[in-house]
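K.L.:
predicted model and sequence below, questions to follow.
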Amino acid sequence: MLTEEHKACIGRTPFSWFMELVGKVKLNRKLLTGLCTRWVERRGGFMIRSDLVSFTTLDVCVLLGLRIGGCLVDLRRESQDSPIRKLFPSTHVYVKMIFDEIQKRRNDVNVDDFCKLHVLLGLSEFLLPTVSGSVFSGLFSIVDDLGELCNYNWGTTMFQFLVQSLYQTWTSLQADVGGGHTYIGGCAYVLQVITMKWLDKTHL
């Protein structure tokens, strides 16, 4: 349970809405597989029936309210000197490890560290999740300074990672790799808005 102090701290970041994410977000797996098979890389969209439905950075911005100005996030940047990174002694950090650390610190007087972990969890589990559940090394040094989060181009960073994952998933599906299962990194939840765009287009 977040205290008022926690809420005030997180509320000053561009991700105050992370506090509204309760439980698991439902994802239609059949829809996800269908969209991945219809991805047309060279045209930047999905071919649904005879229509090309574009997928752009603007879709991400409108749906999640992420800005497209500022610096791109270097997701692969090493953050060994990051105070938050030092909370995890293992070589690789996974989402569950962040969750466990948050649970340990629920009554910690260090509000800043708790809030940094909370934002890191939201970034790693919702906006920039990987198939393996691992956390991008570049995120640690970024959450070290919550006040600087608004200076990054989160919309484009998330969009580029998701499009890259889409292409990799499409390639795997074409090669029939994965045993009939669809695995995709990135915020796949936003892809469900593509169907809504297509329905709006066909009902004009």
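P.N.:
Thanks, I have the structure now. Just so it is clear, the structure is predicted and the values come from calculations on it, not from any experiment. Numbering: from 1, shown residues only.
K.L.:
residues contacting M158?
P.N.:
60, 64, 66, 127-128, 186-187 (CB atoms under 8 Å, 6 or more residues apart in numbering). Yep, even glycine has a C-beta here, placed from its N, CA and C like the rest.
K.L.:
again, only this time at 6 Å
P.N.:
Going by CB atoms under 6 Å, 6 or more residues apart in numbering, M158 touches 60, 127, 187.
K.L.:
so which of the residues you listed wins on neighbours?
P.N.:
Of all the contacts of M158, V60 has the most neighbours under the rule other CB atoms under 10 Å, reaching 24 neighbours.
K.L.:
of the contacts of M158, which belong to helices?
P.N.:
V60 (DSSP state H).
K.L.:
Throw the contacts of M158 into JSON lines and include distance to V73 and pLDDT, thanks.
P.N.:
As requested, the contacts of M158 are exported to JSON lines (distance: CB to CB, whole Å; pLDDT from 0 to 100):
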{"residue": "V60", "distance to V73": "14", "pLDDT": "82"}
{"residue": "L127", "distance to V73": "10", "pLDDT": "93"}
{"residue": "C187", "distance to V73": "14", "pLDDT": "89"}
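K.L.:
what is the nearest of the contacts of M158 to S165?
P.N.:
Top of the list for closeness to S165, among the contacts of M158 and by CB to CB, is C187 at 9.5 Å.
K.L.:
surely the closest one and L127 touch.
P.N.:
Yes. Judged on CB atoms under 6 Å, C187 makes contact with L127 at a distance of 5.3 Å.
K.L.:
buried residues, the one helix or strand Q160 maps to. List them.
P.N.:
In this assignment (DSSP states H and E), Q160 forms part of helix 154-174. Across helix 154-174, burial judged by 16 or more other CB atoms under 10 Å covers 154-163, 165-166, 169-170, 172-173.
K.L.:
then that helix to PDB, C-alphas only?
P.N.:
The C-alpha coordinates for helix 154-174 follow below in PDB (Å, rounded to 0.1, in the frame of the first residue of the first chain):
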ATOM      1  CA  TRP A 154       9.700   7.700 -23.600                       C
ATOM      2  CA  GLY A 155       7.200   7.500 -26.400                       C
ATOM      3  CA  THR A 156       9.700   6.900 -29.200                       C
ATOM      4  CA  THR A 157      11.900   4.700 -27.000                       C
ATOM      5  CA  MET A 158       8.900   2.400 -26.200                       C
ATOM      6  CA  PHE A 159       7.600   2.500 -29.800                       C
ATOM      7  CA  GLN A 160      11.000   1.600 -31.300                       C
ATOM      8  CA  PHE A 161      11.400  -1.300 -28.900                       C
ATOM      9  CA  LEU A 162       7.900  -2.600 -29.600                       C
ATOM     10  CA  VAL A 163       8.300  -2.400 -33.300                       C
ATOM     11  CA  GLN A 164      11.600  -4.300 -33.100                       C
ATOM     12  CA  SER A 165       9.900  -7.000 -31.100                       C
ATOM     13  CA  LEU A 166       7.000  -7.100 -33.500                       C
ATOM     14  CA  TYR A 167       9.400  -7.800 -36.400                       C
ATOM     15  CA  GLN A 168      11.300 -10.500 -34.400                       C
ATOM     16  CA  THR A 169       8.000 -12.200 -33.500                       C
ATOM     17  CA  TRP A 170       6.700 -12.000 -37.000                       C
ATOM     18  CA  THR A 171       9.900 -13.600 -38.200                       C
ATOM     19  CA  SER A 172       9.500 -16.400 -35.600                       C
ATOM     20  CA  LEU A 173       5.900 -17.000 -36.700                       C
ATOM     21  CA  GLN A 174       6.900 -17.200 -40.300                       C
END
